[in-house]
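> structural data only, the sequence is not supplied:
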């Protein structure tokens, strides 16, 4: 019987023995990855529901892996322990690639994904590298070079893995992933600003805040410092340009590739709402865009490109 996650039917998924034979992962491991994505990254979870059923276990495993990496900075305060945690995941990834995963549900699912798609390994390594670089940022990155690299290395890597999972590995598809990944990474930086502010750092680069006369001390201590909206508008404009470039390629791709790059809908939905809010990152209307996102996903994936 097909399993259910939340109230959405995934079809042939974790509980289907064909998947368990194909990916050699336990039902518990795959269920864990789906649950983690649903609970901690609801929008990516919704995007994944539009993937071909055979690709979902792989993509959910990769997303759970990403969430494990993201939690290191959030849950560990000691810098040395943070690095040890990331190194543990690097070692775990190496063991998983050799078919000997650690006794960890995410590691088991990633090992199964790598067994089916070993070409994903460089993207997973890149995700760890970016999280290690993030640990070096105490207050804010220096410039957009860092921000771009981080966006492409995190959000972009997830999209490249999704393309491999659906078998859409053309140059055009990966070019689209690079553009959409950059846009999604910048959107993530914008959406994460209030949370990062509370943590005492920001992904807004120094060159951007200085150009708009946003004082770092105000940014990290005040809810909404002067001129923040203009800095946000500039970064959002850059994200829109990348999204437009990615969308231009997406229109030419087959349905499976478009489904793998469904986070483009997240970017478009959020950027449109942010513009309507006057680029006020704290506008309460930005807190829950799930219905709009779902409508955009349906339009893109079920009704054809709009």
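Ah, there it is. The structure displayed is predicted, hence computed values, not measured ones.
> residues near the closest residue to residue 245 other than its chain neighbours, how many?
The shortest distance from residue 245 to any residue that is not its chain neighbour, by Cβ to Cβ, 6 or more residues apart in numbering, is 4.3 Å, and that residue is residue 179. Glycine gets a C-beta too; all of them are placed from N, C-alpha and C. When counting by other Cβ atoms under 10 Å, one arrives at 24 neighbours for residue 179.
> which element is residue 179 on?
Assessed by DSSP states H and E, residue 179 sits inside helix 171-191.
> tell me the buried residues in the next helix or strand after that helix?
Using DSSP H and E, the helix or strand that directly follows helix 171-191 along the chain is helix 193-199. The neighbour-count check on helix 193-199 (16 or more other Cβ atoms under 10 Å) flags 193, 196, 197 as buried.
> before we move on, what about stretch 85-100?
Buried positions in stretch 85-100, judged by neighbour count with 16+ other Cβ under 10 Å: 85, 86, 89, 92, 93, 96, 97.
> what's the answer for stretch 244-251, then?
Within stretch 244-251, judged by 16+ other Cβ under 10 Å, the buried ones are 245, 246, 247, 249, 250.
> want to throw these into CSV with distance to residue 269, pLDDT and secondary structure?
As requested, these are exported to CSV (distance: Cβ to Cβ, whole Å; pLDDT from 0 to 100; DSSP: H, G, I helix; E, B strand; the rest coil):
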residue, distance to residue 269, pLDDT, secondary structure
245, 18, 98, helix
246, 15, 98, helix
247, 13, 95, helix
249, 19, 97, helix
250, 15, 94, helix
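> okay, the residues you listed in TSV with distance to residue 26 next?
Written out in TSV, the entries for the buried residues of stretch 244-251 read as follows (distance: Cβ to Cβ, whole Å):
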residue	distance to residue 26
245	40
246	36
247	38
249	37
250	35
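> what's the closest of those to residue 174?
Closest to residue 174 out of these is residue 249 (9.7 Å), distances taken as Cβ to Cβ.
> okay, now the domains of this protein?
Per the record's domain assignment (automatic domain parsing), the chain is made up of the domains 13-118, 137-306.
> that's a helix at residue 225, yeah?
No: Residue 225 is assigned coil when assessed by DSSP: H, G, I helix; E, B strand; the rest coil, not a helix.
> would you check that it makes contact with residue 218?
Yes: using Cβ atoms under 8 Å, residue 225 makes contact with residue 218 at a distance of 3.5 Å.
> look at those two and report which has more neighbours.
For residue 225 against residue 218, the residue with the higher neighbour count under other Cβ under 10 Å is residue 225, and the figures read 20 against 15.
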